[in-house]
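Asker: Next come a sequence and a model predicted from it.
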Amino acid sequence: MADCIFCMIANKDIPSNIAYEDDKILAFHDLEPQAPVHVLIIPKKHIASLDDVQNEDLELMGYIMTKVKEVAEKVGLDNGYRVVINTGEDGMQTVKHLHVHLLGKRKMTWPPG
């Protein structure tokens, strides 16, 4: 998607503070962190939201989930972390590109939001 900010970040058209990258995903530090460590993990393939995941994306979605631990280790989250995927307007999804928030280095509260 030419006008998607996360696609532009994945394509290196916009610089970011990269925490992890491979051929399928990119993880970068959030510009407006909600915790001392706040990393966004995105698929390089444009998928607008969880509502847009298709059967063909099953392997990619599983891959993202298996990489969370590795990204968490790389950014020093050794005492736990929270993983959040916002979906849609009520879910406060502000960028229409599927992204996983990885938050840590502070005690998380409940309920969120």
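Answerer: Structure's in. What do you need? Numbering: from 1, shown residues only.
Asker: the longest helix in the protein is where?
Answerer: helix 58-74 (DSSP state H).
Asker: who's in contact with it?
Answerer: With contacts defined as Cβ atoms under 8 Å, 6 or more residues apart in numbering, helix 58-74 is touched by 19-20, 22, 24-25, 27, 39, 41, 43, 45, 53, 81, 83, 100, 102, 104. Backbone N, C-alpha and C define where each C-beta goes, glycine included.
Asker: Of these, grab the buried ones for PyMOL.
Answerer: Of the contacts of helix 58-74, the buried ones can be selected in PyMOL as follows, counting by 16 or more other Cβ atoms under 10 Å:
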select buried, resi 19+20+25+27+39+41+43+53+81+100+102+104
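Asker: What segments of this structure are helices?
Answerer: Per DSSP H, the chain carries helices over the ranges 5-10, 58-74.
Asker: most packed of those?
Answerer: Mean neighbour count (mean count of other Cβ atoms under 10 Å) peaks for helix 5-10 among the helices of the chain, with a mean of 18.
Asker: counting contacts, what elements does it pack onto?
Answerer: The helices and strands touching helix 5-10, judged by 3 or more Cβ pairs under 8 Å, 6 or more residues apart in numbering; DSSP states H and E, are strand 25-29, strand 37-43.
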